[in-house]
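A.B. asks: sharing a model that was predicted from the sequence below.
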Amino acid sequence: MIILIEEAGRKLVSFCNKRKTDRMISLKNGIDKHGLEEFFSKNAIDKKDCVWIVTDRSQVKTADEVHVAAAGQMDIGTQYAFESLSEVDAQYLDKIRMRYNGIPWVIGYTKRCMIRELSLSDIPALYDLYEKPGITDFVEPLYDLEKETEYQKNYIKYVYGYFEYGMWLVFDRTDGKLIGRAGLDNREYDGKSELELGYIIAPEYQGRGYAAEVCDFIIGYAWKNTGYDSISCFIEPANTKSRRLAERLGFTNSANVIIGGNYMERWQIFNK
């Protein structure tokens with residue numbers, strides 16, 4: 001990642017514990033659209049590698065015109081804002097760069113899996129996953145390609161972009177193959193928002209502990225990053241595999257409820 005800042009603002013970046021892969025570059029004070037475009041061209045720098053720490057509204061406008069990720073304090077009108085630079089580190093800036101350029105975040109790794117956000121290029125593999133036997137027995141199928149693409153585009157922008165969690169993709173670390181989906185969603189229940197755990201695993205990977213491995217990681221992620229102190233699973237009684245998994249993860253059956261006209265069991269786990 002390349003961190004850009006005007007010469008006059010360099011004192012503001014003393015907060016940044018740079019990683020070995022990061023570079024800090026000073027821009028000329030008062031640089032405009034043409035000057036910034038020339039800077040990228042002259043130095044053979046890809047805008048997608050950059051995030052600009054902007055310090056006033058004119059810089060925000062220039063960043064928008066040139067289509068480069070920018071972050072700054074809340075009072076200057078940038079899309080990605082922070083109250084104080086003391087809150088910010090290089091990893092956070094890199095996430096801003098990725099979000100702006102549509103690059104999916106890697107959420108984390110388990111022993112055998114990588115968990116990351118979905119990108120639009122993953123949609124063909126997602127269809128392959130949902131065509132496997134049993135996958136849509138207890139979850140909704142995908143839409144047609146055009147509608148699914150639009151849905152996922154909005155999901156990336158408004159769910160990942162706002163909550164920084166959602167339904168993610170699960171890949172086998174050995175061969176990079178998509179083997180499932182798992183993650184966290186918000187469900188309105190009994191007049192309030194519930195954090196819900198969801199998961200599907202390809203049939204050839206079932207019965208081998210993959211779902212438990214991935215969901216255990218996600219539960220830990222939720223306790224650290226969401227502010228919720230409980231997680232729910234809403235499971236149809238016939239879904240015996242999910243019931244067994246919920247028990248294995250430490251969930252307990254707390255209620256029987258009607259969701260969308262369907263009889264469901266509500267399983268819950270609480271942060272200790």
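C.D. replies: All right, it came through fine.
A.B. asks: all contacts plus neighbour counts: C-alpha atoms, from now on.
C.D. replies: OK.
A.B. asks: what segments of the stretch 1-150 of the chain are strands?
C.D. replies: Remark: strands assigned in the stretch 1-150 of the chain by DSSP state E, counting those that start in this stretch are 2-6, 23-27, 50-53, 69-73, 80-82, 106-109, 113-116.
A.B. asks: quick one: low-confidence residue ranges for the stretch 1-150 of the chain.
C.D. replies: Applying pLDDT under 70 to the stretch 1-150 of the chain picks out residues 8-21.
A.B. asks: CA atoms only: put whichever strand or helix holds residue 246 into CSV for me.
C.D. replies: Using DSSP states H and E, the element containing residue 246 is helix 240-249. Extracted in CSV, the C-alpha atoms of helix 240-249 (Å, rounded to 0.1, in the frame of the first residue of the first chain):
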residue,chain,number,x,y,z
THR,A,240,-30.6,-32.4,12.1
LYS,A,241,-27.1,-31.7,10.9
SER,A,242,-27.4,-28.0,11.8
ARG,A,243,-28.9,-28.9,15.2
ARG,A,244,-25.9,-31.2,15.9
LEU,A,245,-23.5,-28.5,14.8
ALA,A,246,-25.2,-25.9,17.0
GLU,A,247,-24.9,-28.2,20.1
ARG,A,248,-21.2,-28.9,19.3
LEU,A,249,-20.5,-25.1,19.1
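A.B. asks: so which elements touch it?
C.D. replies: helix 210-225, strand 230-235 (3 or more CA pairs under 8 Å, 6 or more residues apart in numbering; DSSP states H and E).
A.B. asks: that one to helix 210-225, inter-axis angle?
C.D. replies: 50 degrees (axes from the mean of the first three to the mean of the last three CA atoms, to 10 degrees).
A.B. asks: what average pLDDT does helix 240-249 get?
C.D. replies: Average pLDDT, helix 240-249: 96.
A.B. asks: name the strands paired with the helix or strand following that helix and say parallel or antiparallel.
C.D. replies: The element immediately downstream of helix 240-249 (helix or strand, assigned by DSSP H and E) is strand 252-259. Strand pairing for strand 252-259, using DSSP bridges, gives strand 262-270 (antiparallel).
A.B. asks: convert the strand it pairs with to CSV, retaining C-alpha atoms only.
C.D. replies: Taking C-alpha atoms only, strand 262-270 is exported to CSV below (Å, rounded to 0.1, in the frame of the first residue of the first chain):
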residue,chain,number,x,y,z
ASN,A,262,-42.1,-21.5,9.2
TYR,A,263,-41.7,-23.3,12.5
MET,A,264,-38.1,-22.9,13.7
GLU,A,265,-36.0,-23.6,16.7
ARG,A,266,-34.1,-20.7,18.1
TRP,A,267,-30.6,-21.7,19.3
GLN,A,268,-28.4,-19.2,21.2
ILE,A,269,-24.9,-18.8,22.5
PHE,A,270,-23.8,-16.0,24.8
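A.B. asks: nice, that's everything, thank you.
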